[in-house]
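Asker: A predicted structure for the sequence below; I have some questions about it.
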Amino acid sequence: DGGITQSPKYLFRKEGQNVTLSCEQNLNHDAMYWYRQDPGQGLRLIYYSQIVNDFQKGDIAEGYSVSREKKESFPLTVTSAQKNPTAFYLCASSIDRLGTYGYTFGSGTRLTVV
Amino acid sequence: AQSVTQPDIHITVSEGASLELRCNYSYGATPYLFWYVQSPGQGLQLLLKYFSGDTLVQGIKGFEAEFKRSQSSFNLRKPSVHWSDAAEYFCAVGAGNQFYFGTGTSLTVIP
């Protein structure tokens, strides 16, 4: 079945470390997105990519980086510059570049700083 | 500016009771409208969507939603709630080249 796979489901990071969250889709969707979810704050857009080798900052891009070398993959790196990285991270994709037909979501990665 | 408002942060209903979750949007034209559900620790699952046509749309798990242009609303309803419906519900709007989420409504179901 087609879908979005996020790994790992749980991730622990030490202070000062960079960590990379994986997101893979086999839906042949053009666009991919990364959201951060904190209790009571809904979903906040970190980065998005509409085509391979191109990506745009969202509302809270500071301390994060992404790449889109392949259509099916959109990894997110949480750098040491992100001061409060503990959160639930969701990857999504949309069939078109604008995303107006809706998103398909992965099951999320919970990142905890220890 | 476009926006999506879910006025109820948290709702508690008894099992078997009816449910209505409110969603209002701000956009000049008719947007594409969605409802998603999120169980704890999981991603978001699409419940239903409205693009055009019949303003009453049916979704999965017995949910339905009605688009009311005059009220800029897209409220989610279910006639009889089950304990497994306890989750977070998000309204979303596709407008122009952007996609906006509401802040969510948390649903608690009591026996």
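Answerer: Here it is on my side, so go on. Numbering: from 1, shown residues only, chains lettered A, B, ... in the order given.

Asker: so what's residue B:20 closest to, chain neighbours aside?
Answerer: With sequence-adjacent residues excluded and distances taken as C-beta to C-beta, 6 or more residues apart in numbering or on different chains, residue B:20 is closest to residue B:77, at 5.0 Å. Placement of C-beta: from N, CA and C, glycine included.

Asker: what does residue A:29 give?
Answerer: By the measure of C-beta to C-beta, 6+ apart, the closest residue to residue A:29 outside its immediate chain neighbours is residue A:93, 3.8 Å from it.

Asker: so how far is chain A from the residue nearest to residue B:20?
Answerer: 20 Å (C-beta to the nearest C-beta, to the nearest Å).

Asker: what residues does the helix or strand containing that residue touch?
Answerer: Element membership for residue B:77, per DSSP states H and E: strand B:73-78. Applying C-beta atoms under 8 Å, 6 or more residues apart in numbering or on different chains, the set of residues contacting strand B:73-78 from outside is B:18-25, B:33, B:35, B:47-48, B:50, B:61-68, B:85, B:89, B:91.

Asker: distance from it to the middle of the chain?
Answerer: Per C-alpha atoms, centre = their mean, to the nearest Å, the displacement of strand B:73-78 from the mean C-alpha position of its chain is 6 Å.

Asker: what comes up buried for that strand?
Answerer: B:73-76, B:78 (16 or more other C-beta atoms under 10 Å in any protein chain shown).

Asker: averaged pLDDT, the helix or strand following it. What do you get?
Answerer: Secondary structure here is assigned by DSSP H and E; on that basis, the next helix or strand after strand B:73-78 toward the C-terminus is strand B:87-95. Computed over strand B:87-95, the mean pLDDT rounds to 92.

Asker: all the strands of chain A, residue numbers only.
Answerer: Taking DSSP state E to define them, one finds strands in chain A at A:4-7, A:10-13, A:19-25, A:31-37, A:43-51, A:54-57, A:64-66, A:76-78, A:87-94, A:104-105, A:109-113.

Asker: mind checking pLDDT for residue B:2?
Answerer: The predicted local confidence for residue B:2 comes out at a pLDDT of 68.

Asker: ditto for the one 3 residues further on
Answerer: What the model reports as pLDDT for residue B:5 is 94.

Asker: and for residue 88, the neighbour number?
Answerer: Picked chain A for this. Neighbour count of residue A:88, defined by other C-beta atoms under 10 Å in any protein chain shown: 19.

Asker: meant chain B, my bad for not saying
Answerer: Applying other C-beta under 10 Å, we find 19 other residues in the vicinity of residue B:88.

Asker: need the contact list for the closest residue to it other than its chain neighbours.
Answerer: Distances taken as C-beta to C-beta, 6+ apart put residue B:38 closest to residue B:88, at 4.5 Å, once the chain neighbours are dropped. Taking C-beta under 8 Å, 6+ apart, we find residue B:38 in contact with B:44-45, B:87-90, B:104.

Asker: out of those, who's the most crowded?
Answerer: residue B:44 leads the contacts of residue B:38 on contacts (other C-beta under 10 Å) with 29 neighbours.

Asker: quick check: bridge partners of that residue?
Answerer: Following DSSP bridges, residue B:44 is listed with bridge partners residue B:38.
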